[in-house]
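Peer 1: return atomic coordinates for the entry below.
(one chain, ligands or ions: 1)
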Amino acid sequence: MATDDKNKKVKQTYDEDSIQVLQGLEAVRKRPGMYIGSTDSRGLHHLVWEIVDNAIDEALSGWGTLINVIIEPDNSITVSDNGRGIPTGIHKVEKRPTPEVIFNTLHAGGKFDANGGYKVSGGLHGVGSSVVNALSEYLTVTIYRDGKIFQQTYRNGGKVIEKPKNLGDTRKTGTTIHFKPDAKIFSSTNFDYKQIAQRMKESAFLIKGLKITLEDKRDGSEKIEEFIFDNGIKEFVTTMTKDKSPINEPAFFVGDVLGIHIEISLQYCAKSYNENVLSFVNNIRTRDGGTHEVGFRSGITRAFNEHARMVGALKDKDPNLDGGDVREGIVAIVSIRIPEQLLQFEGQTKNKLGTPEAKQAVESVTYEQMKNFMAENGKISESLIQKALTAAKAREKARLARDEVRMVKQKTSKPANLIGKLTPAQYKDPSRNELFLVEGDSAGGSAKQGRDRTFQAILPLRGKVLNTAKVKVEEVLKNEEIISIINAIGAGFGADFDASKSNYDKVIIMTDADTDGAHIQTLLLTFFFRYMKDLIDAGKVYIATPPLYKIAYKNLVEYAWTDEELRMKIGNQRNVTIQRYKGLGEMNAEQLWETTMCPGKRTLIRVTIAEEELAEDRMMILMGDDVEPRREWIEDNVVFDAEDSFILEDLLADE
Ligand code: 2B7
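Peer 2: Prediction:
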């Protein structure tokens with residue numbers, strides 16, 4: 001049949017045309033990290049973001065209202081949109097079908113969008129499709145456009161091995177992309193539903209009315225979710241504030257300044273002393289903030305102070321409220337869209353906006369509309385100003401308390417309540433010394449006797465550790481237990497904290513191996529996270545792991561940390577005595593030393609923070625009043641992973 005001949009001919013042409021182009025995609029396969037950051041799970045998910053971002057761009061340009069994402073049973077991904085469909089005609093310069101140019105040429109992006117739409121794919125600027133193709137076993141693109149269904153499949157890293165097919169007639173328009181990440185490239189090819197769901201939900205919040213569905217078709221984890229928010233970022237804000245007693249209905253500011261489109265929603269919460277501002281540029285989260293966040297903050301501060309003076313809450317002689325005070329309890333989404341030519345990212349991870357125009361633009365929109373909001377909502381503004389004044393007072397008290405701490409630190413003779421608590425190490429060697437924070441006096445006693453006194457210091461903690469997530473900083477600084485920890489570490493506190501000044505290379509939390517112990521650990525970690533975060537980032541915070549069992553034979557003693565280990569160690573020996581330790585206090589000094597404190601024999605778990613932006617929320621859940629979710633949280637999320645890191649695991653709101 002003639003088709004054979006035709007195929008042959010077409011194939012030939014495609015091969016010839018492909019030579020140079022394939023080299024392009026080879027570059028991606030040679031150094032995938034340069035294009036998608038890494039080839040681990042993070043890089044794998046990056047492929048999904050690239051494809052979905054193109055669908056979002058199309059929706060943002062005003063075409064299409066629906067994006068479907070499917071995780072197929074074999075961990076391949078299908079994304080479809082109902083936009084215009086990628087143009088299918090022959091590309092004028094490349095003289096090949098346009099989809100081929102887009103998927104098979106590096107840097108094909110951008111120039112096809114004649115509409116001047118915003119590029120959301122922050123990093124790759126539209127080259128995303130070809131990068132995904134290059135890193136896939138296969139990729140099939142199906143386009144519904146001009147009444148026809150166009151389809152083409154690329155294989156083995158994006159090679160063009162067949163000509164486009166016409167699958168018949170259609171009345172719909174849109175693009176569907178089905179791809180399978182190449183197992184030769186990625187260390188993991190298993191998609192994480194929660195992670196994709198999180199991101200899809202975020203995008204749906206940011207683009208009001210856009211419907212995104214996510215379906216998992218994998219065996220055993222079948223599910224489907226739909227994200228659509230008719231109130232956009234206002235709903236984003238209310239989801240974040242739902243347990244924090246919001247004071248006002250979410251405010252909504254919108255404006256276009258200097259070619260930048262700005263959308264802001266915010267609420268104040270009675271049950272929060274933090275600020276929680278999430279910012280986005282072209283729908284990409286800017287974790288490290290940048291000029292748009294700076295503009296937002298100064299806009300709020302200016303509006304607040306002007307309003308406070310106008311209504312007489314601040315008198316002429318009073319100083320201005322400072323930014324921190326007016327933002328206490330604020331929850332806000334700052335979402336801006338910037339034309340590509342103005343985009344400028346900074347910082348090591350490029351998560352920070354550098355565009356100078358964004359500061360002025362966001363500040364003016366925020367200032368004007370926040371002032372209006374305050375004028376229109378007199379009662380609420382009054383209580384917000386009261387809240388800010390209280391915050392200012394608390395800040396002043398905290399400053400005094402901090403000075404007090406500083407004085408305490410400077411004094412050579414410590415106040416009575418501190419003497420005798422810390423058992424210091426003999427030598428002062430911050431690069432080697434270790435501080436053990438020990439639960440209870442009796443364990444503290446064993447630890448004191450058992451330690452290597454040359455470099456190990458012991459600080460016993462009596463009673464309950466203060467929940468620093470639930471009290472203001474002034475309360476934190478009144479707590480004896482906390483003060484003695486601050487003094488022992490000797491590197492300051494809060495904004496003044498300097499990890500490089502720490503008296504200890506390792507600060508080791510040593511508690512009983514039970515739920516109470518785990519609770520004390522989380523309370524201490526909450527404190528470190530909030531007030532000495534750099535100590536965690538510097539990798540200096542550890543958790544000790546005391547054994548659960550002591551196994552005694554005739555003249556031999558062994559320890560076990562898990563039930564399985566216990567069974568293994570007992571084997572089929574008889575005459576074994578097994579002791580289940582209920583707490584550290586049951587161990588004598590020698591036992592504590594050789595199981596838990598002796599470098600070389602002990603196992604220490606270094607504390608790291610898995611996903612910083614979520615950690616704060618997790619702490620809130622953890623430290624809330626409900627005991628039950630807290631216990632569940634500990635059981636679900638305190639995981640000891642292969643690298644022996646205590647990881648505060650990803651926690652996604654499950655609704
Ligand atoms: C920068 C490149 C990749 N493109 C278009 C037009 C529509 C369109 C796309 C897309 C992902 C999963 C299904 C423009 C843009 C290429 O040029 S990409 N829709 N959807 C997509 O990739 N979805 C377009 C102007 C006129 N008509 C169509």
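
Peer 1: can you show me the strands along the stretch 551-655 of the chain?
Peer 2: Ranges of strands in the stretch 551-655 of the chain, per DSSP state E, counting those that start in this stretch, are 557-560, 577-580, 604-608, 638-640, 645-648.

Peer 1: who are the packing partners of the longest one?
Peer 2: Helices and strands touching strand 604-608, by 3 or more Cβ pairs under 8 Å, 6 or more residues apart in numbering; DSSP states H and E, are strand 541-544, strand 645-648. All C-beta spots, glycine's among them, are computed from the backbone N, C-alpha and C.

Peer 1: hey, least reliable of those by pLDDT?
Peer 2: Among the helices and strands packed on strand 604-608, strand 645-648 carries the lowest mean pLDDT, at a mean of 34.

Peer 1: mind listing what K359 touches?
Peer 2: 291-292, 294-295, 298 (Cβ atoms under 8 Å, 6 or more residues apart in numbering).

Peer 1: lowest mean pLDDT across the strands of the stretch 551-655 of the chain, which one is that?
Peer 2: What stands lowest among those, in mean pLDDT terms, is strand 645-648, with a mean of 34.

Peer 1: what is the strand or helix carrying Q386 packed up against?
Peer 2: Using DSSP states H and E, Q386 sits in helix 378-410. With contacts taken as 3+ Cβ pairs under 8 Å, 6+ apart, helix 378-410 sits against helix 291-310, helix 323-326, helix 356-376, helix 473-476, helix 480-489.

Peer 1: please identify the buried residues of the second one?
Peer 2: Neighbour-count burial for helix 323-326, with 16 or more other Cβ atoms under 10 Å as criterion, is recorded at 325-326.

Peer 1: and that helix, how far from the chain's centre?
Peer 2: Counting by Cα atoms, centre = their mean, to the nearest Å, helix 323-326 is centred 24 Å from the centre of its parent chain.

Peer 1: for the stretch 1-150 of the chain, which segments count as helices?
Peer 2: Counting by DSSP state H, counting those that start in this stretch, the stretch 1-150 of the chain has helices at residues 2-30, 32-36, 41-60, 98-104, 128-134.

Peer 1: likewise for the stretch 451-600 of the chain?
Peer 2: Using DSSP H, counting those that start in this stretch, helices in the stretch 451-600 of the chain cover 473-476, 480-489, 515-531, 533-537, 563-570, 589-592.

Peer 1: among those helices, which is nearest E382?
Peer 2: The closest of the helices of the stretch 451-600 of the chain to E382 is helix 473-476. By Cβ to Cβ, the value is 24.3 Å.

Peer 1: which helices and strands does the closest one pack with?
Peer 2: helix 378-410.

Peer 1: mean confidence for the helix or strand following the helix it packs on?
Peer 2: Reading on from helix 378-410 to the C-terminus, the next helix or strand found by DSSP H and E is strand 434-439. Averaged across strand 434-439, the pLDDT comes to 95.

Peer 1: tell me which other helices or strands strand 434-439 touches.
Peer 2: Packed next to strand 434-439, using 3+ Cβ pairs under 8 Å, 6+ apart, are helix 441-450, strand 456-461, helix 480-489, strand 506-510, helix 515-531.

Peer 1: how about those in a markdown table, adding distance to I224?
Peer 2: A markdown table is the format used below for those (distance: least, Cβ to Cβ, whole Å):
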| stretch | distance to I224 |
| --- | --- |
| helix 441-450 | 51 |
| strand 456-461 | 48 |
| helix 480-489 | 48 |
| strand 506-510 | 42 |
| helix 515-531 | 35 |
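
Peer 1: for the ones you listed, which one sits closest to the ligand?
Peer 2: The ligand lies closest, by Cβ to the nearest ligand atom, to one member of the helices and strands packed on strand 434-439: helix 515-531, at 38.6 Å.
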